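**Student:** Predicted model, plus sequence, below.
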Amino acid sequence: MSNKEVINRIRNLSTQEQRNLSYEELVKIIEPLSADEIIELSNVIGYPVFTRLCMGSLKHRFVLLQDGAAAIIVNEKGQILLQSRADRDKWGLPGGCQELGERFQDTVIREIKEETNLDVNEEDLELIDIVSGSSRRNDYPNGDVVINNTALYCVRKYSGELRWDNESKNMKFFDLNELPENQNDPDLIKVYMKHSKM
């Protein structure tokens, strides 16, 4: 089987099947691949999951530093869009991890499309800040601990019909003075609120 066929076979696995690849299987898959093919495989599986799979038995013990982007999507009433995440009982901003070789602008546009079905043009992205540090720590139900470096964008112009994927239970626009208490990204929202008062 050629390297391309191997990558396509993994592409056709379900998300759960990809996550269940053993360390030993992954070693056999990766050994013959070139650097470009490893980048492609990483982007097929998703960089954080791929990285953890490469750690073998340490995958849930190693604290991972990951880069990503998030969006404050503002409607005509000045409300911001939050998603109720499927993996925990918290409301957060649309966004996610950067793939290898991807620019932050591409990350946030891709994540907005995947998570909300909304279309955004790069010229309509307003960079608010790069948010990093201990406030960006996330502990996941499966035991993973990550510290994110997040490019935070504001989006006021978008198109499409709001729909969400299996990462979310619900999506809703909130007034800034009526935000839910169980937030996933309170630090990012504080940065936006400070920025919007300037």
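**Tutor:** Now that the structure is in, tell me what you want to look at.

**Student:** Going along the chain, name the strands of this protein.
**Tutor:** 64-73, 80-85, 91-92, 95-97, 125-131, 137-139, 145-155, 168-174 (DSSP state E).

**Student:** quick one: which of the ones you listed is nearest N3?
**Tutor:** Judged by C-beta to C-beta, the one of these that comes nearest to N3 is strand 95-97, at 24.4 Å. From N, CA and C alone the C-beta is placed, and that goes for glycine too.

**Student:** quick one: stretch 27-47 to chain centroid distance?
**Tutor:** Taking C-alpha atoms, centre = their mean, to the nearest Å, one finds the center of stretch 27-47 at 20 Å from the center of the full chain.

**Student:** Stretch 40-55 too?
**Tutor:** 13 Å.

**Student:** in that stretch, what's buried?
**Tutor:** Of all the residues in stretch 40-55, those buried under the rule 16 or more other C-beta atoms under 10 Å are 40-53.

**Student:** just stretch 89-101 next, same as before
**Tutor:** Quick answer for stretch 89-101 (16+ other C-beta under 10 Å): 90-99.

**Student:** where does this structure dip in pLDDT?
**Tutor:** Counting by pLDDT under 70, the chain contains low-confidence ranges at 198.

**Student:** can I assume G96 is in contact with A69?
**Tutor:** Yes: if you go by C-beta atoms under 8 Å, G96 and A69 touch, sitting 7.5 Å apart.
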